[in-house]
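**Q** Sequence isn't available, so here's the structure alone:
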Ligand SMILES: [Zn+2]
């Protein structure tokens, strides 16, 4: 706890979408099509970066304002920097683990164009950060339903195991842990790909029985997810610390028990913030791939509890962020 780190502190686990920080570093970057971008690093940020090694939730978009300049943030990625060094590796360039001792984990905000020279004059200056809150709200809702869908699928398939395999936190055999190959969260839902290969069969999964039950699976999983949404259970992110690289866990107080899933993404504070969810499960012709496609819609945003709330007030978001219940993340 007493260890000093120059890694980025993250505010997104508390649900914050705005904040004020200080510009610490910047560097030019090439985008996927070779276009010029500039990466900004600040002391603490509400922006959620995509994790290039498990890119389930995309990076936040929004704006950074400093010295009268308003810079659109087009994407957000992870950076790593050896302590004491100024050289920052970004996303795919990173060769160390995220928790590598002696390295700082950074949130790199990507701005279109080469503004590296311009930023040089603003090092140490205050930066106002604002995430596209509506996009974040949709991603958060989809991500929480993605977790619920995995738990509901474990439950629906728990009788299809012929051998003992580890169970999930709700006591169902952990199909998701053993079979999930990729997960993608978007503003309208999610897509999870499961592989039903030889190793899963060898562990005792009755793949042939899945074929017989595949037609009813969507209804079963959707019904379970909707039943859980109906409980309006509280959702929180537990964090080992304030830094990007600290471990975080999604915790949802379901009637069956407290569901816990390790997670680097963002989430609503309650299942009541999700208005609609449907999960379609499709088994491939050859029976080796199961795809879960979720359609998710968040509930309309509730009225702001702050007395000064006025949507046209440009400082509202930032003040809201300051009022955000950061105590919800116990360090
Ligand atoms: Zn997650």
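**A** Arrived safely. The structure displayed is predicted, hence computed values, not measured ones.
**Q** Could you give the number of residues near residue 114?
**A** Applying other C-beta atoms under 10 Å, we find 14 residues neighbouring residue 114. (C-beta placed from N, C-alpha, C; glycine too.)
**Q** what about it, is that helix, strand or coil?
**A** Classification of residue 114 by DSSP: H, G, I helix; E, B strand; the rest coil places it in coil.
**Q** I'd say it and residue 38 touch.
**A** Yes - under the criterion of C-beta atoms under 8 Å, residue 114 makes contact with residue 38 at 6.0 Å.
**Q** Find residues that contact each of the two.
**A** Listed as contacting both residue 114 and residue 38 by C-beta atoms under 8 Å, 6 or more residues apart in numbering are residue 28.
**Q** Spell out which residues of the protein are next to the ion.
**A** Residues of the chain lying near the ion by C-beta under 5 Å from the ion: 263, 265.
**Q** so where do the helices sit in the chain?
**A** Shown for the chain, the helices assigned by DSSP state H span residues 116-120, 133-157, 175-179, 198-202, 207-230, 316-323.
**Q** tell me the most buried of those?
**A** helix 133-157 (a mean of 24; mean count of other C-beta atoms under 10 Å).
**Q** tell me what it is packed against?
**A** helix 175-179, strand 180-186, strand 189-195, helix 207-230, strand 248-254, strand 257-262, strand 274-283, strand 289-298 (3 or more C-beta pairs under 8 Å, 6 or more residues apart in numbering; DSSP states H and E).
**Q** between it and strand 248-254, how big is the angle?
**A** Orientation of helix 133-157 against strand 248-254 (axes from the mean of the first three to the mean of the last three C-alpha atoms, to 10 degrees) gives an angle of 70 degrees.
**Q** Off-centre distance for helix 133-157?
**A** Relative to its chain's centre, helix 133-157 lies at 10 Å (C-alpha atoms, centre = their mean, to the nearest Å).
**Q** what does stretch 38-55 give?
**A** On C-alpha atoms, centre = their mean, the centre of stretch 38-55 falls 11 Å from the chain's centre.
**Q** Endpoint to endpoint, it covers what distance?
**A** 21 Å (C-alpha to C-alpha, to the nearest Å).
**Q** And for stretch 47-67?
**A** 20 Å.
**Q** If you count neighbours, what's buried in it?
**A** 47-51, 56-64, 66 (16 or more other C-beta atoms under 10 Å).
**Q** Then stretch 174-193?
**A** By 16+ other C-beta under 10 Å, the buried positions in stretch 174-193 come out as 174-176, 178-180, 183, 185-187, 189-193.
**Q** same check, this time on stretch 249-262
**A** Quick answer for stretch 249-262 (16+ other C-beta under 10 Å): 250, 251, 252, 254, 259, 261.
**Q** can you put those residues in CSV and add pLDDT?
**A** Converted to CSV, the buried residues of stretch 249-262 look like this (pLDDT from 0 to 100):
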residue, pLDDT
250, 98
251, 98
252, 98
254, 97
259, 97
261, 95
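**Q** What residue, apart from its backbone neighbours, is nearest the residue in the chain that the ion sits nearest to spatially?
**A** Residue nearest to the ion within the chain (C-beta to the ion): residue 263, separated by 3.3 Å. Nearest non-adjacent residue to residue 263, counting by C-beta to C-beta, 6 or more residues apart in numbering: residue 250, 4.2 Å away.
**Q** That neighbour and residue 260 touch, don't they?
**A** Yes - the criterion here is C-beta under 8 Å, and residue 250 meets it with residue 260 at 7.0 Å.
**Q** Where does the prediction get shaky in the stretch 151-300 of the chain?
**A** Across the stretch 151-300 of the chain, nothing is flagged by pLDDT under 70.
**Q** redo that, cut-off 90
**A** For the stretch 151-300 of the chain, the stretches with pLDDT under 90 are 212-215.
**Q** quick revisit: need the contact list for the residue nearest to residue 263.
**A** Taking C-beta under 8 Å, 6+ apart as the criterion, residue 250 is in contact with 144, 147, 235, 237, 259, 260, 261, 262, 263, 265, 267.
**Q** The third one against residue 249, yeah?
**A** No - distance between residue 235 and residue 249: 11.3 Å, which falls outside the contact criterion (C-beta under 8 Å).
**Q** Ends of stretch 59-74, what's the gap?
**A** 9 Å.
**Q** contacts for stretch 162-180?
**A** Outside of stretch 162-180, the residues within contact range by C-beta under 8 Å, 6+ apart are 150-151, 153-155, 157-158, 161, 192-196, 200, 203-206, 254, 256-261, 290.
**Q** Please name the nearest non-neighbouring residue to the most centrally placed residue in the chain.
**A** Residue closest to the average C-alpha location in the chain (C-alpha atoms, centre = their mean): residue 265, at 1.7 Å. Spatial nearest neighbour of residue 265, chain neighbours left out: residue 57 (4.1 Å); criterion: C-beta to C-beta, 6+ apart.
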